[in-house]
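A.B. asks: for reference, the sequence and a predicted model appear below.
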Amino acid sequence: MNRSFRREGTLLLLTLMIAFPLLAQDLLIRGAHLPGPNGSKGEPVDVWVQGGRIVSMGAGLEAPDAIAFDAEGLLITAGYIDSGTSVGLADVSGLGTSNDGEVEGDPNAAGFEVWRSLNEASSMIPVAPNDGVTHGVIVPSAGDANFAGESAMVRFVQGDGFVKTPSLAQHLYLREWNRKVAGGSRGNALQMVLADLDEAVRYARDQKQYNTSKLRAFSMEERDLKALVRVIKGQRPLVVHVDRAADIRKIVDSLARFPDLRLIISGGVEAWRVAPLLAEKKIPVLLNVLDNVPESFDRLGARLDAAAILDRAGVPLAFMSTTPYSEFRSLTQAAGVAVANGLPWERALRAITAGPAEIWSIEGGRLAVGEVANLVLWDGDPIEITSAPTAVMIDGEWVNLETRQQKLSERYRDLLNLK
């Protein structure tokens, strides 16, 4: 990686942040370039940001009262969106006591809200913008229940404003190793899920009678029932973590009896096998392109061109890093691997920008007039792993790219000169 570009970009941002307030009310970014074919330098563009939003785009813009920022010919993209990570939930993944992302000893954790556990001061948060990732979905892990709880959408800025959407989606785990909570049978696990959703239907129908003790007893706590009511009413999507094609087909068929339910497949190592079904039902798939090893019987169909197959079929697609410990850079690395295996470059970029924005129904992910200003200036191809951002804007605010990790690296670079 070109470290000099990264250091110069950090110094540039620090200078700018001193020169004018962090929130740029009226800013004109001059001399940027849109990405061209396969990450080349495309047409020149100026971007006028006002009040945190893009108010105009085009070559040779004039905004006399705006603060000028010279992009020096760098490529500009929308900020990347990671559709599955655990930043802010665990500082050391191998130390179980530090992981707040899962609930143990609970047969149903649908009511668990992961945002209440997040550490907005985590040292991992500033790493994300350094890899062009401005927003992410913080996902609960499978504990002792198939329903793991609700994820949160965050913006990767430490402190106030870290959590953007506290209750984003409900997460359900039905992979091979999740059947332990259902007596060892994946079929029974699915039956238990359907029974829980039926209970939510009954609760929603007679909710006023719930506290009068006039209803037959429920198997879940009220917070879990309320969370599942949001799912069956389509107020929150249901993200099912599953890999085997046969399981995906049965899940789609079984959940069809809940007409308002919005289904998303996460993981989906064998989702390519049922691509026509997913395209017909408009069911999105969240992929970790790098997670392609056939390490279990659920994943025997793992292949590197899965993203290309799904995209050609018309399946809505978004990429995720899954864990912060492989670094957010794995998001762009995965996009590059997908391109190397048949996914068009523009579609790979879309899978980490506009694609996830549409799947999660959030702002961002697009460079367009009226959109929120989540912008990244790159020193090279935006999905090339050796490229790095030189400037990042989140919700119209410049982000300081300096991290604790970089400070430690500089401090201990030359041990002989330590004082």
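C.D. replies: The structure has been received and is ready for your questions.
A.B. asks: quick one, domains of the chain?
C.D. replies: Domains of the chain are assigned by automatic domain parsing as 3-78+395-417, 80-362.
A.B. asks: those: which one's closest to L377?
C.D. replies: L377 sits nearest to domain 3-78+395-417 of all the domains of the chain, at 4.5 Å, using CB to CB. Backbone N, C-alpha and C define where each C-beta goes, glycine included.
A.B. asks: avg pLDDT for the closest one?
C.D. replies: Average pLDDT, domain 3-78+395-417: 79.
A.B. asks: then stretch 132-152?
C.D. replies: 91.
A.B. asks: next one: that stretch to chain centre, how far?
C.D. replies: Relative to the centre of its chain, stretch 132-152 is centred 10 Å away, using CA atoms, centre = their mean, to the nearest Å.
A.B. asks: one more: stretch 229-240?
C.D. replies: 18 Å.
A.B. asks: tell me how far the ends of that stretch are from each other?
C.D. replies: In stretch 229-240, first residue to last residue: 16 Å (CA to CA, to the nearest Å).
A.B. asks: coming back round to it: of the domains of the chain, which is nearest P389?
C.D. replies: Checking the domains of the chain against P389 by CB to CB gives domain 80-362 as the closest, at 5.1 Å.
A.B. asks: on the three-state scheme, V229 is what?
C.D. replies: helix (DSSP: H, G, I helix; E, B strand; the rest coil).
A.B. asks: please enumerate the strands of the stretch 101-250 of the chain.
C.D. replies: 133-138, 147-150, 152-155, 163-165, 170-173, 238-242 (DSSP state E, counting those that start in this stretch).
A.B. asks: show residues contacting stretch 346-353.
C.D. replies: Stretch 346-353 has contacts (CB atoms under 8 Å, 6 or more residues apart in numbering) with 35, 77-82, 287, 307, 311, 317-319, 331-332, 335-336, 338-339, 343, 365-366, 382-383.
A.B. asks: L168 is in contact with W360, correct?
C.D. replies: Yes: contact status for W360 versus L168: in contact at 6.6 Å, counting by CB atoms under 8 Å.
A.B. asks: list residues touching both of the two?
C.D. replies: V137, M153.
A.B. asks: count of residues packed around M192?
C.D. replies: A count of neighbours around M192, defined by other CB atoms under 10 Å, yields 20.
A.B. asks: would you agree it is in contact with L172?
C.D. replies: No: using CB under 8 Å, M192 makes no contact with L172, being 10.7 Å away.
A.B. asks: need the overlap of contacts for these two.
C.D. replies: By CB under 8 Å, 6+ apart, M192 and L172 have these common neighbours: N146.
A.B. asks: helix, strand, or coil at the residue nearest in space to the middle of the chain?
C.D. replies: The centroid of the chain falls nearest to S83 when counting by CA atoms, centre = their mean (2.1 Å). The three-state assignment at S83 reads strand, by three-state DSSP.
A.B. asks: begin at 4, not 1, for the rest of this chat.
C.D. replies: Done: numbering now begins at 4, and the last item shifts to S86.
A.B. asks: for it, what are its contacts?
C.D. replies: S86 sits in contact with G139, V140, L289, A321, F322, M323, P359, I362, W363, where contact means CB under 8 Å, 6+ apart.
A.B. asks: tell me the pLDDT at it?
C.D. replies: S86 is assigned a pLDDT of 95 by the prediction.
A.B. asks: what do you get for the one 3 residues further on?
C.D. replies: In this model, S89 is scored at 86, pLDDT.
A.B. asks: from A321, how far off is R350?
C.D. replies: Using CB to CB, to the nearest Å, one gets 11 Å for the distance from R350 to A321.
A.B. asks: which of those two has more neighbours?
C.D. replies: Higher neighbour count among R350 and A321: A321, with 27 against 18, using other CB under 10 Å.
A.B. asks: one step back: of all the domains of the chain, which one is nearest L378?
C.D. replies: Among the domains of the chain, the nearest to L378 by CB to CB is domain 6-81+398-420 (6.1 Å).
A.B. asks: stretch 81-97: which residues count as buried?
C.D. replies: Neighbour counts over stretch 81-97 (16 or more other CB atoms under 10 Å) mark 81-93 as buried.
A.B. asks: D246: which of those is nearest?
C.D. replies: Nearest to D246, judged by CB to CB, of the buried residues of stretch 81-97 is G87 at 14.0 Å.
A.B. asks: run through who's touching the longest helix belonging to the chain.
C.D. replies: Across the chain, the longest stretch assigned as helix under DSSP state H is helix 189-208. The contact list for helix 189-208 (CB under 8 Å, 6+ apart) reads 111, 113, 149-150, 175, 177, 179, 181-182, 184-185, 213, 218, 221-223, 227-229, 231-232, 234-236, 250, 253-254, 257-258, 261, 264.
A.B. asks: in helices, which of those appear?
C.D. replies: D227, L228, K229, L231, V232, V234, I235, D250, K253, I254, S257, L258.
A.B. asks: quick one, which of those are buried?
C.D. replies: D227, L228, K229, L231, V232, V234, I235, D250, K253, I254, L258.
A.B. asks: how much space is there between the fourth one and I251?
C.D. replies: Which is L231. L231 is 21 Å from I251, by CB to CB.
A.B. asks: what is the burial count for S120?
C.D. replies: Number of residues near S120 (other CB under 10 Å) recorded here: 18.
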